[in-house]
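S.K.: Sequence first, then the predicted structure, then my questions.
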Amino acid sequence: MPHAMSVSRYRARRLGLPGLLLVPWLALPTQAWAAAGSGTAVAWWVWPLALFIACFLMGIVAVPAGIGGGTLFVPIVGSFFPFHLDFVRGAGLLVALASALSAGPTLLRGGLGSLRLALPLAVLASASSIGGAMLGLAMPANLVQILLGGVVLGIVVLMLVSKRSEFPQVAQPDALSQALALNGVFIDGASGRSVHWQVHRTVPGLLVFLGIGVLAGMFGIGAGWANVPALNLLMGAPLKVSAGTSGVVLSLVDSSAAWVYINRGAVLPMIAVPSVVGMMLGARIGARLLDVLKGSVIRRMVITVLLFAGLRALLKGTGVWP
Amino acid sequence: MNTANPAPALQPLEQMLYASLLTWGTRLGLFVLVASFAAYVLGLADAQVPVDRLPELWHHPVARYLELTQTPTGWGWLALVHKGDVAGLAGIAILAGCSLVCLLALVPLYLRRGDKAYAALCLAEVAVVLLAASGWISGGH
């Protein structure tokens, strides 16, 4: 018995707080779905409440996992909630936008977000995000589900294999980077040092952001997962500056794409508001728990959930698991 | 290049101005969003689509939803902004539009400094967001 106890304690510790939080997250929609399927009338408020709780939990784990809440939102809500994917993507963009807008001022004041670096990238990504949003709304829902499943599984691979460089060495900025003065300084909280940075490979970086904008608009998933590697590994910005600047870029790119969804009537406040409020409250707690929760465990759990949600989106799109 | 024991790094003036304006725009947008939503779910305001009708509607594609609820597209929602559910779009519009004010405020700062490239970039981003907001371009099923 003591052995069993210790094993269960060990497992509980391995699973951790977020694992326990995951249970109601998946159970609530599943139970409501079962009730709906069995013909039992489900009160209108059950789904928004389940959505609020799910988003609250997603917000908690998104911060320690190092990804934007929008990346979790669309595949999970699109796969396990009864809302049409059009409205889920509209709400997903709003979630990503509200999170980026809330974090933006702090990041900019602290120098972790660079407006100078963000602006050229955001102009191109914003323009292409409009095209992505129009394309997404014009395509049949099952095709979008299949593509979404592919992108989410791609994110899983990226999370598993991508390496990050805390302070990449940029020996010589390119001509465009010099002309636009794409450099800055920030205080690294961990070491207390003042870090001066500059970037290179500006033209390839601009082209990559053109593609990232299309994905952000088409799927409403935000694009921090793509922004950060592009800024950090390709352009050579320090990891913290990449994460901060990614937020500033997202706040501009998602503004453009959100307007397409608003104009098409694809933003339902009943879906968007519980999602935005839940995610923002959860993210505040996630930020406070950053030191308590084990980042690697959370990351593994998020990868597992994304893998499941990505496969679910693929199977839903192909009609195997409607 | 790293420096130990630095003085606090001051960020450029335009970045600090942008951050301040963004703070207030976001606060205003979120306040309108949550207040209108509360009025909608608590029945304090009329609704274009009653809350208890939503479960039979939200699984439809957006085109079918709009047809069934007689909800206008584009900026047509402004005529219905007194209704609780539609008022939520005002908050969303503030969130999606607050960056415009921040960007426009930077243009004189950049021009005064002779940084025409960044003044042009701010105006280009404003033009892109306005193009998206105008509803001149749209997709559909």
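M.R.: Good, I have the coordinates.
S.K.: C-alpha only now, for contacts and for neighbours.
M.R.: Will do.
S.K.: now the strands: where do they sit in chain A?
M.R.: Listed in chain order, the strands of chain A (DSSP state E) span A:183-188, A:193-198.
S.K.: With A:Val151 as the reference, name the closest of the ones you listed.
M.R.: Minimum separation from A:Val151 across these (Cα to Cα) falls at strand A:193-198, 30.4 Å.
S.K.: on that earlier part again, export the strands of chain A as CSV, with columns for distance to chain B.
M.R.: Output for those, formatted as CSV (distance: least, Cα to the nearest Cα, whole Å):
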stretch, distance to chain B
strand A:183-188, 6
strand A:193-198, 5
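S.K.: Turn these into JSON lines, including mean neighbour count.
M.R.: Shown next, in JSON lines, are the strands of chain A (neighbours: other Cα atoms under 10 Å in any protein chain shown):
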{"stretch": "strand A:183-188", "mean neighbour count": "20"}
{"stretch": "strand A:193-198", "mean neighbour count": "19"}
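S.K.: Take these and lay them out in a markdown table including mean pLDDT.
M.R.: A markdown table is the format used below for those (pLDDT from 0 to 100):
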| stretch | mean pLDDT |
| --- | --- |
| strand A:183-188 | 87 |
| strand A:193-198 | 89 |
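S.K.: in chain B, which spans are strands?
M.R.: Assigned by DSSP E, the strands in chain B fall at B:2-3.
S.K.: For chain B, what's its nearest residue on the stretch 201-322 of chain A.
M.R.: Going by Cα to the nearest Cα, chain B is nearest to A:Asn263 of the stretch 201-322 of chain A, at 4.0 Å.
S.K.: is it true that that residue touches B:Ile137?
M.R.: No: taking contacts as Cα atoms under 8 Å, A:Asn263 lies outside contact range of B:Ile137: 9.3 Å.
S.K.: These two - which one has more neighbours?
M.R.: For A:Asn263 versus B:Ile137, neighbours defined as other Cα atoms under 10 Å in any protein chain shown are more numerous around A:Asn263 (23 against 13).
S.K.: Grab the nearest non-local neighbour of the more buried one.
M.R.: Computed as Cα to Cα, 6 or more residues apart in numbering or on different chains, the closest residue to A:Asn263 that is not its neighbour in sequence is B:Gly74, at 4.0 Å.
S.K.: my read: the one you found touches B:Gly135, true?
M.R.: Yes: counting by Cα under 8 Å, B:Gly74 does reach B:Gly135; the two are 5.7 Å apart.
S.K.: between those two, what contacts are shared?
M.R.: Residues touching both B:Gly74 and B:Gly135 by Cα atoms under 8 Å, 6 or more residues apart in numbering or on different chains: A:Asn263.
S.K.: Could I get the contacting residues of A:Pro168?
M.R.: Per Cα under 8 Å, 6+ apart, neighbours of A:Pro168: A:Asn232, A:Leu233, A:Gly236, A:Ala237, A:Pro238.
S.K.: got a pLDDT number for it?
M.R.: In this model, A:Pro168 is scored at 86, pLDDT.
S.K.: List phi and psi for it.
M.R.: phi -60, psi 150 (degrees, to the nearest 10).
S.K.: Against B:Pro55, how distant is it?
M.R.: Noted for A:Pro168: a distance of 50 Å to B:Pro55, by Cα to Cα, to the nearest Å.
S.K.: so for stretch A:306-317, what's the average pLDDT?
M.R.: For stretch A:306-317, the mean per-residue pLDDT is 85.
S.K.: Please compute how far that stretch lies from its chain's middle.
M.R.: A distance of 16 Å separates the centroid of the chain from that of stretch A:306-317, by Cα atoms, centre = their mean, to the nearest Å.
S.K.: Quick one: neighbours of A:Lys163, just the number.
M.R.: Around A:Lys163 there are 11 other residues, counting by other Cα under 10 Å.
S.K.: Could you report the separation of it from chain B?
M.R.: According to Cα to the nearest Cα, to the nearest Å, A:Lys163 and chain B sit 22 Å apart.
S.K.: For A:Val156, list the residues it contacts.
M.R.: With contact taken as Cα under 8 Å, 6+ apart, A:Val156 is in contact with A:Ile303, A:Leu306, A:Leu307.
S.K.: picking up where we left off before, can you add distance to A:Trp44 and give the strands of chain A back as a markdown table?
M.R.: Converted to a markdown table, these look like this (distance: least, Cα to Cα, whole Å):
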| stretch | distance to A:Trp44 |
| --- | --- |
| strand A:183-188 | 48 |
| strand A:193-198 | 52 |
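S.K.: Out of the ones you listed, which is closest to A:Thr106?
M.R.: A:Thr106 lies closest to strand A:183-188 among the strands of chain A, at 12.7 Å (Cα to Cα).
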